[in-house]
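Asker: Sharing a model prediction with you, sequence too.
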Amino acid sequence: MGSETQIAHLLAQPASFTPNFTAEHSVVLPHSLQTVFDRFGSGETLEDSVRLSDLCSTFRLVTKDHVTLSKDQSLGEVRCRGLQASSEPVSSDGERSLMRQFFVLQEVVPLLCGLYQHTVTIAGCLTSDRERNVALYETSAAGGILVWKLRTFEELAPSEGDGQVRTKVHERIQGRAPLLLRSTVEKETRRAHTIHMEQYHTLFT
């Protein structure tokens with residue numbers, strides 16, 4: 001699953017970038033906010049949701065650390081992949097620490113109408129903000145393909161009739177791909193993103 005040198009090279013790519021494609025999608029799940037966040041906002045359970053993609057062939061968690069933000073910053077405003085790590089949470093009146101879980105995975109992408117299978121190594125991290133019900137997923141792949149995905153969780157009023165608790169999960173993707181690959185990457189990202197999220201409910205059965 002990619003050499004340690006290759007993974008380090010991917011993680012060293014700039015965390016900040018100007019996006020040239022975007023995607024958004026939401027789902028409502030019949031579970032409490034805490035239950036849903038535990039499943040989709042935590043690095044420890046990340047593999048379950050990543051493997052919903054039919055492209056994912058291998059996955060493993062790597063290092064886990066903390067990053068420090070000011071109390072005025074939100075995950076929707078930052079790029080955490082390039083922030084300096086701290087092994088322990090920082091305690092300060094003006095700062096707060098968030099857990100960051102790194103991972104590496106491989107996707108097998110069919111090309112030429114399925115005649116050729118191309119394996120892509122992807123490295124990234126998920127940063128969790130349980131206090132504000134937000135998680136940030138950032139990845140880097142060979143060829144300069146970068147993805148920033150903000151996942152927000154919102155507790156909804158119980159559904160009428162049965163009073164079932166509900167949580168809305170909204171994902172906003174910003175990505176960048178080289179010009180020659182942008183159209184293909186954007187199309188596949190939008191397709192996979194929608195299908196992927198619509199399968200979230202299966203992780204509770």
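Answerer: Good, I have the coordinates.
Asker: what about the protein, any weak spots by pLDDT?
Answerer: 1-2, 91, 110-116 (pLDDT under 70).
Asker: From the centroid of it, which residue is nearest?
Answerer: For the chain, Tyr137 is the residue whose C-alpha lies nearest the centre (C-alpha atoms, centre = their mean; 2.7 Å).
Asker: now for the helix or strand hosting that one, which elements pack on it?
Answerer: Element membership of Tyr137 [criterion: DSSP states H and E] is strand 134-141. Counting contacts by 3 or more C-beta pairs under 8 Å, 6 or more residues apart in numbering; DSSP states H and E, strand 134-141 is packed against helix 4-11, strand 116-129, strand 145-156. Where you see a C-beta, it was placed from the backbone N, CA and C, and this is true even at glycine.
Asker: buried residues in stretch 102-110?
Answerer: The neighbour-count check on stretch 102-110 (16 or more other C-beta atoms under 10 Å) flags Phe102, Phe103, Val104, Leu105, Gln106, Glu107 as buried.
Asker: show me the contacts for the fourth one.
Answerer: Meaning Leu105. Shown in contact with Leu105 (C-beta atoms under 8 Å, 6 or more residues apart in numbering): Met1, Val50, Cys56, Thr58, Phe59, Arg60, Thr121, Ile122.
Asker: OK, contacts around the closest residue to it other than its chain neighbours?
Answerer: Of all residues not flanking Leu105 in the chain, Phe59 sits nearest, at 4.3 Å (C-beta to C-beta, 6 or more residues apart in numbering). Contact analysis of Phe59 by C-beta under 8 Å, 6+ apart lists Glu47, Val50, Arg51, Phe103, Val104, Leu105, Gln106.
Asker: thinking the first one is in contact with Thr58, fair?
Answerer: Pointing back at Glu47 there. No: Glu47 lies out of contact with Thr58 (C-beta atoms under 8 Å); the separation is 10.2 Å.
Asker: buried sites along stretch 168-183?
Answerer: Quick answer for stretch 168-183 (16+ other C-beta under 10 Å): Val169, Glu171, Ile173, Gln174, Gly175, Arg176, Ala177.
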